[in-house]
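S.K.: Next comes the sequence, and after it the predicted model I'd like to discuss.
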Amino acid sequence: MTKKLFGFLLISIALFMGALYYTNAIQSPIISALNSVNITYNNITGFFKKHINQHFFQATHIAELEEKLLVYEHNHLVMQQLASEIHALFTENSSDLKIEPEVELIRAISYQKFGDFNRIWLEIKEYDPSHIYGLTHKEVVAGIVVSHEGRALGLLNKDIKSTYSVCVGDESAPGIAQGNNAENLLVKFIPAWHNIKEGDEVVTSGMDEIFFKGLKVGKVLSVTKSQGYQSAVVEPYYKSTEPNYFHMIKKIR
């Protein structure tokens, strides 16, 4: 009797987990409830962490911030000078080009689906659901942001629907980066006449209105040729398994 009961429980648990994984109707309310809990939890823990750091690690934290501030001030002055010179160049040549990028700090709430670590719900106050946005983490490309069911969904680099325009190697060979639900990325449609080799760096091209030009994506591991094009397997720089905060590029110019 005990063995039968135990077997029945195992089968019931297996059926429930299978239904939970494959049925959106079951997952959606559970994930929605968890999202609300996650937002509240993150707000509360963020509040306490902030005050604990202020009281217990204030001296060390202030010293680190002062050191970083000096670096940021220097870089900010350099960027101001560069922006001023570019503006003067545009004015001198009566150009209507503008450089007004918009970048927003956003927070990850939860994974979209249990077992899929390449798609995450994001907490964004305002965005255009018809537009695709670039997602970065510590100055490297992390993926893209799309609208799904009226909400902001982050498709990380490894997701098969995460695609954007890139340049490869010293020759800035054009290509399209795409995830394949595996450890590495693929860069497709690289013209065959470009010399692409192992170790070449892959950066964003800025030609898709998703990312700025020159953001780091990864390094080439191998190259294959077929039908007039080349494809490269790329090891991505972004490899975080615990997504938290990102920067979303709302406008590149």
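M.R.: Structure received. Numbering: from 1, shown residues only.

S.K.: What about the closest residue to residue 192 other than its chain neighbours, how many residues nearby?
M.R.: Spatially, and ignoring its direct neighbours in sequence, residue 192 is nearest to residue 228 (5.3 Å; Cβ to Cβ, 6 or more residues apart in numbering). Placement of C-beta: from N, CA and C, glycine included. Residue 228 sits with 9 neighbouring residues when counted by other Cβ atoms under 10 Å.

S.K.: Might one say that residue 228 is in contact with residue 194?
M.R.: No: Residue 228 is beyond contact range of residue 194, at 11.8 Å (criterion: Cβ atoms under 8 Å).

S.K.: What distance do you get for the nearest residue to residue 170 once chain neighbours are set aside to residue 173?
M.R.: The shortest distance from residue 170 to any non-neighbouring residue, by Cβ to Cβ, 6+ apart, is to residue 200 (7.3 Å). Computed as Cβ to Cβ, to the nearest Å, the residue 200 to residue 173 distance reads 9 Å.

S.K.: In the stretch 1-150 of the chain, where is pLDDT below threshold?
M.R.: 1-43, 45-59, 61, 69-88, 90, 95-101 (pLDDT under 70).

S.K.: Can you give the domain ranges for this structure?
M.R.: The chain breaks down by automatic domain parsing into domains covering 2-54, 57-92, 100-253.

S.K.: Now for the residue nearest to residue 170: which residues touch it?
M.R.: 168-170, 219-220, 232 (Cβ atoms under 8 Å, 6 or more residues apart in numbering).

S.K.: Farthest-apart pair in those, please.
M.R.: Farthest-apart pair in the contacts of residue 200 is 170 and 232; separation 14.0 Å (Cβ to Cβ).

S.K.: who has more neighbours, those two?
M.R.: Legend: neighbour count by other Cβ under 10 Å for residue 170 and residue 232, higher for residue 232 (28 against 12).

S.K.: Which secondary structure elements does the helix or strand containing that one sit against?
M.R.: Using DSSP states H and E, residue 232 sits in strand 229-236. Under the contact criterion of 3 or more Cβ pairs under 8 Å, 6 or more residues apart in numbering; DSSP states H and E, strand 229-236 touches strand 173-178, strand 185-191, strand 216-226.

S.K.: Please enumerate the strands of the stretch 101-250 of the chain.
M.R.: 102-113, 116-123, 133-137, 140-148, 151-156, 163-168, 173-178, 185-191, 201-204, 216-226, 229-236, 245-251 (DSSP state E, counting those that start in this stretch).

S.K.: Dump these to TSV, plus distance to residue 44.
M.R.: Listed next are these as TSV, based on distance: least, Cβ to Cβ, whole Å:
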stretch	distance to residue 44
strand 102-113	14
strand 116-123	15
strand 133-137	24
strand 140-148	26
strand 151-156	22
strand 163-168	35
strand 173-178	38
strand 185-191	36
strand 201-204	36
strand 216-226	35
strand 229-236	33
strand 245-251	17
